[in-house]
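Asks: got a predicted structure plus its sequence, pasted below:
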Amino acid sequence: MMQNRYSRQILFQEIGAQGQRNINQKTVLIVGMGALGTHLAEGLVRAGIKKLRIIDRDYIETSNLQRQTLFNEQDAQKAVPKVIAAERALKRIRADVEIEAVIDHADVPVLAQLIENVDVIMDATDNFETRMLINDMAYQKGIPWIYGGVVRSTYVEAPFIPGQTPCFQCLVPQIPSMNLTCDTVGVIQPAVTMTTSFQLRDALKILAETPLTPKLTYGDIWEGTHYTFSFNKVKKCTCPTCGDHPNYPSLTQQQSHFATLCGRDTVQYQHSELQFDALLSFLKRRGIDYKSNGYIVQFQFEQHRIIGFQNGRLLIHNLKDIDKAHKLINQLFG
């Protein structure tokens, strides 16, 4: 049965039967379940990995459907958390795959748990800070990770192998479009698939335990340009992540209750006392109307749409100033 399911992949001699057996035993973590994450998850599940861990802090909206391939209109109408809808869709593709879905913000404590016994980390995020965190944690633990970035019609990809390649921090000056997001300048589907095609290529090489020559790949699918180059020479001996004396600065930064969501006009607020049941009780006492699907609760306050999650996390929409978000939280909860 397995031989038949993966027969075309086994016939590809660079993977072969042994490579496929290797893939069938591997665990992958995907950070982010948006455009890149949904493509990566589907590709890896279809390729035959044993276990997939997925984390995302957001829920599905109609604007996601243009490029986030595991979701449909019903998911958006019900505001289903992305990882929940993704898990359901992936199980329909392959029932025997093990999936661990986490609805949360990818901070240090959460990622530290998720990377245990992981063979590869796939970057499907949309912000620089989370990538720096992935980079530090991957190099501290010696786990390969694969960067992917997409905006407008451009794509960027690079695999980072601790002990073999310079890290993401060393390469940052060479990476184009770092200050742009799809929420500010848009994105087209072909650029997404180009990015994930290269990410999946490198992931399969690592998972099948076949040779990999790490390179940075980038291009513009609309203009038809495409470039690759080696980046081994950009390593800095003073790099705090992969240099001679690493201290992994992203792992020791103090965590704030507030964070802005890149390009979303949304501020995230998190507090341990805002667990789901406590939030629902509070809204009832205040007489604030709300809707809940069991995973999230939606309500309005001071003309802002607010989404509450089960672990004490709120997304405050139509707001991008943390100081104003702080005042709003004080007004709401006192």
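Replies: Arrived safely, thanks for sending.
Asks: which parts of this protein are helices?
Replies: All helices of the chain, identified by DSSP state H, fall at 2-5, 7-11, 16-23, 35-47, 73-77, 82-93, 108-114, 128-141, 168-171, 182-185, 189-207, 276-286, 322-333.
Asks: weakest of those helices by average pLDDT?
Replies: Confidence, taken as mean pLDDT, is least for helix 182-185 of the helices of the chain (a mean of 62).
Asks: which segments of the chain make up each domain?
Replies: As assigned by automatic domain parsing, the chain contains the domains 2-251, 258-333.
Asks: mind putting these into CSV with mean neighbour count?
Replies: Yep, even glycine has a C-beta here, placed from its N, CA and C like the rest. As requested, the domains of the chain are exported to CSV (neighbours: other C-beta atoms under 10 Å):
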stretch, mean neighbour count
domain 2-251, 19
domain 258-333, 16
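Asks: per-residue pLDDT of residue 266, please?
Replies: Residue 266 is given a pLDDT of 89.
Asks: show me the contacts for it.
Replies: Counting by C-beta atoms under 8 Å, 6 or more residues apart in numbering, residue 266 touches 260, 315-320.
Asks: then residue 140?
Replies: Here residue 140 is in contact with 246, 248, 251 (C-beta under 8 Å, 6+ apart).
Asks: how about those in TSV, adding distance to residue 333 and pLDDT?
Replies: Below are the contacts of residue 140 laid out as TSV (distance: C-beta to C-beta, whole Å; pLDDT from 0 to 100):
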residue	distance to residue 333	pLDDT
246	40	94
248	35	95
251	30	92
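Asks: between those, which is closest to residue 99?
Replies: Nearest to residue 99, judged by C-beta to C-beta, of those is residue 251 at 26.6 Å.
Asks: I'd guessed the closest one sits against residue 108; true?
Replies: Yes. In this structure, residue 251 is within contact of residue 108 by C-beta atoms under 8 Å, at 5.6 Å.
Asks: list residues touching both of those two?
Replies: By C-beta under 8 Å, 6+ apart, the residues touching both residue 251 and residue 108 are 133, 137.
Asks: just the CA atoms of the longest strand belonging to the chain, as PDB, please.
Replies: Scanning the chain for the longest strand, with DSSP state E as the assignment, gives strand 266-275. Coordinates of each C-alpha in strand 266-275 appear next as PDB, following Å, rounded to 0.1, in the frame of the first residue of the first chain:
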ATOM      1  CA  THR A 266      -4.100  44.700  14.600                       C
ATOM      2  CA  VAL A 267      -2.500  44.600  18.100                       C
ATOM      3  CA  GLN A 268      -2.200  41.400  20.000                       C
ATOM      4  CA  TYR A 269      -2.700  41.400  23.800                       C
ATOM      5  CA  GLN A 270      -2.000  38.300  26.000                       C
ATOM      6  CA  HIS A 271      -2.600  37.800  29.700                       C
ATOM      7  CA  SER A 272      -2.800  34.500  31.600                       C
ATOM      8  CA  GLU A 273      -5.900  35.600  33.500                       C
ATOM      9  CA  LEU A 274      -7.900  36.000  30.300                       C
ATOM     10  CA  GLN A 275      -8.600  32.300  29.800                       C
END
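Asks: sheet-wise, list the partners of that strand with their directions.
Replies: Neighbouring strands of strand 266-275 in its sheet, by DSSP bridges, are strand 258-261 (antiparallel), strand 311-317 (antiparallel).
Asks: quick one: it to chain centroid distance?
Replies: Its chain's average C-alpha position is 20 Å from that of strand 266-275, according to C-alpha atoms, centre = their mean, to the nearest Å.
Asks: ok, stretch 163-177 next?
Replies: With C-alpha atoms, centre = their mean, you get 18 Å for stretch 163-177.
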